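A.B. asks: I would like to see how this sequence folds:
(chains A and B)
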Amino acid sequence: MALRASRWRWSRAGWQRLALVLLWAGHGIWVLMGPASGQRWSRASEAITRPSQGLAARWAERRHSQRDAALELAELRADRLRLVAELEQARLQAMREAPRHAEADEAVRLLGLKKHIPLELGAARVIFSTRPAVFGGLILDQGLDRGLVQDQGVLVPEGIVGRLWSVSATQSKILPADAPNASVGVMLMRSRATGVLQGLGSGRALIRYVSNQEVVQVGEAVLTSGLDRVFPRGLLVGYVAEVAPGDLELRVILNLSAPLDRVSAVLLLPPQPPVEVQPPFLAPDVKPSKKRGTP
Amino acid sequence: MRLPVPSSLRQHLFCGITLGLIALTAPFPALQIILHALLVLALAPRPGAPLSGALWAVAAGWVLEGTLRLYPHLGGTAWANLTVVLLAGWMAGRWPLEGLRGWLARLAGLGLLHGLLVHGAVRLAAGPHPWGWGWLWPVLTLPLWGWLSWRLLHAPAGTGRR
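C.D. replies: Below is the predicted model:
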């Protein structure tokens, strides 16, 4: 049996009815939506698009924060580069100024020492050191032109350095206190036993002629005795490092307190100073106290 | 005796003219509402061709509300017009016209229904609003525009009577 496929087709009246129904229903829906339809549509669209709006807001906020962070990072990098350059400049400046600062510090320290010694002290600069050599010493930038003479005592704030061994027209040579032929009259601080310093090199020296009967302790301070007429009494020489009994005298070894290898400026004592000098009275620096109610 | 249905061209011509007059008479609401009732109740309904009448009625509603510029949400009048014109077209097919008196009576009934439907639909679409006295003008002038429409569409040619 042959079946013919039936063709379903709407008539013109059917299409008209459908158009009428759609027209009527569309108008009805439109009317029933009422005057607040715009607000409803807005609310509905807002509710639908709320997640995407939230995401967009977060994305925009993230972009802004990233942009701010990038700007801040760029500023920080620029600041860092500027600070590095300034630091490098400051380092170079400090390196240039370092010798002058050291010299100024040394001058200040020397000035402080000068206030405590009531003698006419002169200052000189060490321009060269021959200490590593045998019978080496320190070369000063002053000589006969500044009135220097042999056997003037030389000292720094840490202690004595030595004495002038030779004086030329414009330079002088210091015989350091640790030289074997440096004969400095010294005394021990506690026992007041006196002796003569004999250098051992490398900042060490031996005190000769101290009796075995004396009681000497390690760490005891050693001062100048003033008997050599080069240094007045009471200047610091060093501290006792070793004490050993000998056949006739104590073997007392001390470490010189003055850094002989690092001296750059020194004070010069006048020739043949008095054996003993009294330190001047220095009033302490007291800040003026303000009374209450005074401006 | 059944009256012949007017020609489609003539009916569409009158509908178009009336729609234009509705738009032009916007400064005169009383006149505009009378023309609106004339178009929806008398000129647009056509038995056997509801779509064209429905489109004319919808257009009349939108033109009226659009020119009034009073409602926050338009479309209520057009929906009421659509409903009434479909009902009028069905009635014209179901109960064919037999005279001027029946025509006027049908127009009066449809006019009242139209007034109620317009008010209700506009209330649904645009919110509550006062009745006003606009509905009274079509009712009062019903004999005039009813007779005019009768003459234009249904009266036999050459006679002024039924």
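A.B. asks: going forward, measure contacts between C-alpha atoms and count neighbours the same way
C.D. replies: Fine.
A.B. asks: and the host helix or strand of B:Gly102, what's its mean pLDDT?
C.D. replies: Assessed by DSSP states H and E, B:Gly102 sits inside helix B:100-126. Average pLDDT, helix B:100-126: 93.
A.B. asks: Show me which residues of that helix are buried.
C.D. replies: By 16 or more other Cα atoms under 10 Å in any protein chain shown, the buried positions in helix B:100-126 come out as B:100, B:103-104, B:106-108, B:110-111, B:114-115, B:117-126.
A.B. asks: three-state assignment of A:Leu223?
C.D. replies: The three-state label given to A:Leu223 by DSSP: H, G, I helix; E, B strand; the rest coil is strand.
A.B. asks: which sections of the chain are below the confidence cut-off?
C.D. replies: Defaulting to chain A. A:1-8, A:37-38, A:40-42, A:134, A:279-295 (pLDDT under 70).
A.B. asks: that answer is for a different chain, and I need it for chain B
C.D. replies: Ranges of chain B meeting pLDDT under 70: B:1-4, B:155-162.
A.B. asks: Which residue does it have closest to chain A?
C.D. replies: Using Cα to the nearest Cα, B:Ala125 is the residue of chain B that sits closest to chain A, at 4.2 Å.
A.B. asks: Next up, the contacts around A:Ala107.
C.D. replies: By Cα atoms under 8 Å, 6 or more residues apart in numbering or on different chains, the contact list for A:Ala107 reads A:Ala265.
A.B. asks: Secondary structure element holding it?
C.D. replies: Using DSSP H and E, A:Ala107 sits in helix A:37-116.
A.B. asks: the strands in chain A, which residues?
C.D. replies: Using DSSP state E, the strands of chain A run over residues A:122-129, A:138-140, A:153-156, A:159-167, A:172-176, A:184-188, A:194-201, A:204-208, A:221-224, A:236-245, A:250-256, A:265-268.
A.B. asks: For chain B, find the nearest of these.
C.D. replies: Once those are compared by Cα to the nearest Cα, strand A:265-268 is nearest, at 102.3 Å.
A.B. asks: Quick check: neighbours of that closest one in the sheet, parallel or antiparallel?
C.D. replies: Paired neighbours of strand A:265-268 in the sheet (DSSP bridges): strand A:122-129 (antiparallel), strand A:153-156 (antiparallel).
A.B. asks: Helix, strand, or coil at the most centrally placed residue in chain B?
C.D. replies: Geometric centre of chain B, nearest residue: B:Val40, 2.0 Å, by Cα atoms, centre = their mean. Three-state assignment for B:Val40 (three-state DSSP): helix.
A.B. asks: who touches it in this structure?
C.D. replies: Counting by Cα under 8 Å, 6+ apart, B:Val40 has contacts B:Trp56, B:Ala57, B:Ala60, B:Asn81, B:Val84, B:Val85.
A.B. asks: which element is the first one on?
C.D. replies: The one in question is B:Trp56. For B:Trp56, the element it lies in under DSSP H and E is helix B:50-68.
A.B. asks: from the chain's centre, how far out does that helix sit?
C.D. replies: Relative to its chain's centre, helix B:50-68 lies at 10 Å (Cα atoms, centre = their mean, to the nearest Å).
A.B. asks: Compute the distance from the centre of the helix holding B:Gly102 to the centre of its chain.
C.D. replies: 9 Å.
A.B. asks: With distance to B:Leu74 and mean neighbour count as added columns, please give the strands of chain A in TSV.
C.D. replies: Output for these, formatted as TSV (distance: least, Cα to Cα, whole Å; neighbours: other Cα atoms under 10 Å in any protein chain shown):
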stretch	distance to B:Leu74	mean neighbour count
strand A:122-129	108	16
strand A:138-140	113	23
strand A:153-156	109	26
strand A:159-167	111	23
strand A:172-176	117	25
strand A:184-188	121	26
strand A:194-201	118	21
strand A:204-208	116	23
strand A:221-224	115	24
strand A:236-245	114	20
strand A:250-256	113	23
strand A:265-268	106	22
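A.B. asks: Great, nothing more from me.
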